[in-house]
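Enquirer: Provided below are the primary sequence and the corresponding predicted coordinates.
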Amino acid sequence: MSSTNLETFPNPRPGREFDIDIDCPEFTSMCPKTGLPDFGTIRISYVPDTACVELKSLKYYLLDFRNRGIFYESVTNQILDDLVAALAPVRMTVTGDFTPRGGIKTVITARYEKPRPS
């Protein structure tokens, strides 16, 4: 998986902080232990710096996880890492809200904040 599949476009208001919230309610990946599908919602919230993510490329990027065996914790952090590499946002939060399996519901939240200049 690589952030090179993620396309960006210039932030239309680079001098203003604003939030972008994206919900992907049909996310699927595969359990690396059982090979069974995992279902959930990926929520992405970020404050862009110079670039914004192009949504069609994000959709196809997320579809690449469909047949990949990966734990919830890993997939949520991988999405954050790849988006940060592509966008270099001011700050970003990625939440993986997965449907219950075996009576247990799991929600993973990973965060990034750009270091402030000293």
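Expert: All right, it came through fine.
Enquirer: Tell me where this protein has strands.
Expert: Along the chain, counting by DSSP state E, strands occupy 8-10, 20-30, 37-47, 51-53, 91-101, 104-113.
Enquirer: Spatially central residue in the chain, please.
Expert: Central residue of the chain (Cα atoms, centre = their mean): residue 79, 3.9 Å from the mean position.
Enquirer: Could you list the low-pLDDT ranges of the chain?
Expert: 1-4 (pLDDT under 70).
Enquirer: just to revisit the earlier point, show me the beta-bridge partners of the closest residue to the residue nearest to the centre of the chain other than its chain neighbours.
Expert: Nearest non-adjacent residue to residue 79, counting by Cβ to Cβ, 6 or more residues apart in numbering: residue 94, 5.0 Å away. C-beta here means a position set from N, CA and C on the backbone, and glycine is covered the same way. Using DSSP bridges, the beta-bridge partners of residue 94 come out as residue 44, residue 110.
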